[in-house]
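next come a sequence and a model predicted from it.
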Amino acid sequence: MKAIYGLIVLIMLAVNLQAQITDSTAGIILGINYGGALPTEMDTADYGSGLPGGVAGLEYRFYFNEKLSLNPSVQYDFRQFKYGSTQKKDTVVDVDIQGNGNTSSVPTYYTADIEGHARMHQFDMVLPLHWQFHPRASAHTGVYGSWLFAGKDEAIVRVQIGEGSIMDDVVQTSDAFEDVNRFEFGVVLGGSYLINSQLRLSVEGIRALTPYYKAGYYASVNEGKEIRLYQTYGIIRISYFY
């Protein structure tokens with residue numbers, strides 16, 4: 001929350017500096033993103049894959065001089081990704097060997113397959129500083145804050161005992177959305193190309209500095225081992241200035 005307030009203050013300061021700025025324009029943002037929540041360390045049994053999302057919003061362009069400009073923006077950000085894990089453990093189960101109600105404990109193993117799909121609706125405030133190193137090209141870096149206001153983090157867990165002939169598979173579903181951090185703060189780095197005076201193509205990457213899940217959640221589903229995941233996305237967008 002403090003990061004969001006800080007961004008608001010910075011944007012207000014940028015507006016107050018307008019008297020010292022040579023020019024300012026407003027624009028509309030449309031683009032796509034691709035990425036996911038990347039872990040700090042990867043278990044060989046874990047996997048994940050990005051899925052395409054989208055961004056849309058408003059951008060302001062404040063010129064300090066011919067080379068330097070501030071480009072704050074507010075935007076709706078839809079993100080999604082898939083993830084999964086396969087775990088095998090030894091276990092002991094009671095089975096009816098003769099089919100007459102007499103049970104015996106049989107050592108075996110179980111396999112748990114986890115398939116998850118996260119979908120997030122976020123409100124972003126981005127504050128990048130652009131450096132125009134070419135008449136049509138610029139590089140930018142800055143910070144952003146994001147508020148997650150809706151979404152799902154659904155997972156399906158299938159547990160199979162042995163080869164599946166001893167007992168029926170167990171299937172459970174869960175939604176970890178309540179364990180996802182609502183506020184995110186991170187950095188942005190990218191480059192832009194001016195197609196003309198009104199259209200700009202940007203390619204950038206963002207990396208969260210705050211973890212995706214709340215502290216302790218991952219350890220509760222990973223046998224006590226805490227691993228942090230951080231939102232990491234690539235974005236391609238078009239800005240139309242009017």
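Everything's here; your move. What you are looking at is a predicted structure, and each value in this text was computed from that prediction instead of being measured.

and the longest strand seen in the chain, what's buried?
The single longest strand within the chain, with elements called by DSSP state E, is strand 103-132. Under the neighbour-count criterion of 16 or more other C-beta atoms under 10 Å, strand 103-132 has 110-112, 114, 116, 118-130, 132 buried. In short, each C-beta sits where N, CA and C put it, glycine included.

equivalent analysis for stretch 177-189, please.
For stretch 177-189, burial by neighbour count (16+ other C-beta under 10 Å) applies to 177, 179-181, 184-186, 188.

tell me what whichever helix or strand comes after the longest strand of the chain is packed against?
Using DSSP states H and E, the helix or strand that follows strand 103-132 towards the C-terminus is strand 137-161. Helices and strands touching strand 137-161, by 3 or more C-beta pairs under 8 Å, 6 or more residues apart in numbering; DSSP states H and E, are helix 2-16, strand 73-96, strand 103-132, strand 170-175, strand 183-194, strand 199-208.

lowest average pLDDT across these?
Lowest mean pLDDT of the helices and strands packed on strand 137-161: helix 2-16, a mean of 48.

return the distance of stretch 195-204 from the chain's centre.
Distance, stretch centre to chain centre, for stretch 195-204: 24 Å (C-alpha atoms, centre = their mean, to the nearest Å).

measure that stretch end to end?
End-to-end distance of stretch 195-204: 17 Å, with C-alpha to C-alpha, to the nearest Å as the criterion.

buried residues of it, list them for me.
Using 16+ other C-beta under 10 Å as the test for burial, stretch 195-204 gives 200, 202, 204.

also stretch 138-158?
By 16+ other C-beta under 10 Å, the buried positions in stretch 138-158 come out as 138-140, 142-146, 148, 151-153, 155, 157.

got these as JSON lines, with pLDDT and distance to residue 60 columns?
Below are the buried residues of stretch 138-158 laid out as JSON lines (pLDDT from 0 to 100; distance: C-beta to C-beta, whole Å):
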{"residue": "138", "pLDDT": "96", "distance to residue 60": "15"}
{"residue": "139", "pLDDT": "97", "distance to residue 60": "19"}
{"residue": "140", "pLDDT": "97", "distance to residue 60": "14"}
{"residue": "142", "pLDDT": "97", "distance to residue 60": "13"}
{"residue": "143", "pLDDT": "97", "distance to residue 60": "16"}
{"residue": "144", "pLDDT": "97", "distance to residue 60": "15"}
{"residue": "145", "pLDDT": "97", "distance to residue 60": "16"}
{"residue": "146", "pLDDT": "97", "distance to residue 60": "18"}
{"residue": "148", "pLDDT": "97", "distance to residue 60": "24"}
{"residue": "151", "pLDDT": "95", "distance to residue 60": "27"}
{"residue": "152", "pLDDT": "94", "distance to residue 60": "32"}
{"residue": "153", "pLDDT": "93", "distance to residue 60": "33"}
{"residue": "155", "pLDDT": "87", "distance to residue 60": "40"}
{"residue": "157", "pLDDT": "79", "distance to residue 60": "46"}
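
list the buried residues for stretch 38-55?
Residues of stretch 38-55 classed as buried: 38-39, 46, 48, 50, 53-55 (neighbour count, 16+ other C-beta under 10 Å).
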